[in-house]
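Asks: this one's structure only:
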């Protein structure tokens, strides 16, 4: 029996969750498969793999902020459906080109860049739609369930990605991922209703620049939101430096299989899953801000174990470190997203989420570029140490801010928000 505040009482939440599960599966299979297309099928080097990873996330730097302003004024349902269908079509072009013998790094670069743009709109749209589908009293539960989904996608998608590459080759695995995005887009057509944003656009005629600035000021001007953004951005920067080099370290440096790489990333997914499921329990007892601070102090240094990856026992030591680091990320995702949603009025949700995504996913793009450059200059192993060090200190902005003392979520609904009748999404 579902509780009165359970998000599962909402049919639209169930539909969004199911479609997001398929989208996560596609994204995580491609996380493994696309770099391996470059390494195995196109003989790409560290710099080229770094460039590929950068282009997959640089869209958040290019269009992340205006995307939030656009999402606040567009139909979320249409945004999500269009984003998934675009990703399905473009990823399907990769195996087709490979089978025809015309696949090139240039095409792969273009595909990840444009699908990255689609991901910007999907991520911002999904996070902005959630507080309008689910009552705010059920947001922590909803975010915990979504966080569990993301973690499960890491476990299943990345492990499956490695296995699919071994079974179908890397381009074949990309085709499977394209099918998952197609199924997600079609499933989202069942979403019907949500609460509208509160109030009309502010600024002269709702000008784009004015609306973007409002979202940036909201995040940068709040000390707690600013600390959340800095900590998450540093964590993403460090993880991007590490993840960009892992395929090269596993396949070329250690001679391990793509299945082993998928299982290693899957171990991180297990950490994400357990962290997301523990977040509500721990936050209810320690307090929401304290959970972020304590988890960071205790777990962030585990990132320094990842560069130890090698054959034999060190593979398991590094895997354990990755699992613990991702456990922290899983808790941070649930608690941090719930905090920032409660601190933001409905009318600013899209722009707040876009500002965070600009910083967080922009950090992934920067980290991938830095990783590729460092891999060429100082080698793969030293680059892994640089990424692990960044992950180890990422918790400091939250730990040193007033957020560390916060015990509960803001009691009132988001500032300036007002409930209105539902309308089509």
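Replies: Everything's here; your move. Treat the numbers as computed from the prediction; the structure is a model and nothing was measured. Numbers count the residues shown, from 1 in each chain.
Asks: report pLDDT for the closest residue to residue 37 other than its chain neighbours.
Replies: Leaving aside its sequence neighbours, residue 37 sits nearest to residue 170 (CB to CB, 6 or more residues apart in numbering; 4.2 Å). For the C-beta atoms, the positions are set from N, CA and C on the backbone; glycine is no exception. What the model reports as pLDDT for residue 170 is 83.
Asks: contact partners for residue 170?
Replies: Counting by CB atoms under 8 Å, 6 or more residues apart in numbering, residue 170 makes contact with 33, 34, 36, 37, 40, 41, 258.
Asks: wait, what's in contact with the third one?
Replies: When you say that, I think you mean residue 36. 165, 170, 247, 251, 258.
Asks: mind doing that once more with 6 Å?
Replies: Residue 36 sits next to 165, 170, 258 when contact means CB atoms under 6 Å, 6 or more residues apart in numbering.
Asks: and what of residue 314?
Replies: So residue 314 contacts residue 308 (CB under 6 Å, 6+ apart).
Asks: hmm, 10 Å instead?
Replies: By CB atoms under 10 Å, 6 or more residues apart in numbering, residue 314 lies in contact with 254, 305, 308.
Asks: scan those and report the most crowded one.
Replies: Highest neighbour count within those: residue 305, with 20 neighbours (other CB atoms under 10 Å).
Asks: measure it to residue 321 for me?
Replies: Residue 305 sits 3 Å away from residue 321, going by CB to CB, to the nearest Å.
Asks: identify the contacts common to the two.
Replies: Counting by CB under 10 Å, 6+ apart, the shared contacts of residue 305 and residue 321 are residue 388.
Asks: report the residue spans of the chain with pLDDT below the cut-off.
Replies: 1-5, 136-140, 147, 150-151, 153-155, 158, 193-206, 408-425 (pLDDT under 70).
Asks: what segments of it are strands?
Replies: 193-194, 423-424 (DSSP state E).
Asks: how much space separates the closest residue to residue 168 other than its chain neighbours from residue 189?
Replies: Of all residues not flanking residue 168 in the chain, residue 176 sits nearest, at 7.1 Å (CB to CB, 6+ apart). In this view, residue 176 and residue 189 are 22 Å apart by CB to CB.
Asks: with residue 70 instead?
Replies: For residue 70 relative to residue 189 (CB to CB), the value is 21 Å.
Asks: pick out whichever of these two has more residues nearby.
Replies: Per other CB under 10 Å, whichever of residue 70 and residue 189 has more neighbours is residue 70, with 19 against 13.
Asks: doesn't residue 78 make contact with that one?
Replies: No. At 11.5 Å, residue 70 does not count as touching residue 78 under the criterion of CB atoms under 10 Å.
Asks: now do stretch 113-130: distance to the chain's middle.
Replies: 10 Å (CA atoms, centre = their mean, to the nearest Å).
Asks: over to stretch 40-54?
Replies: 21 Å.
Asks: compute the first-to-last residue distance for that stretch.
Replies: 19 Å (CA to CA, to the nearest Å).
Asks: same thing with stretch 371-385?
Replies: Using CA to CA, the distance between the terminal residues of stretch 371-385 is 11 Å.
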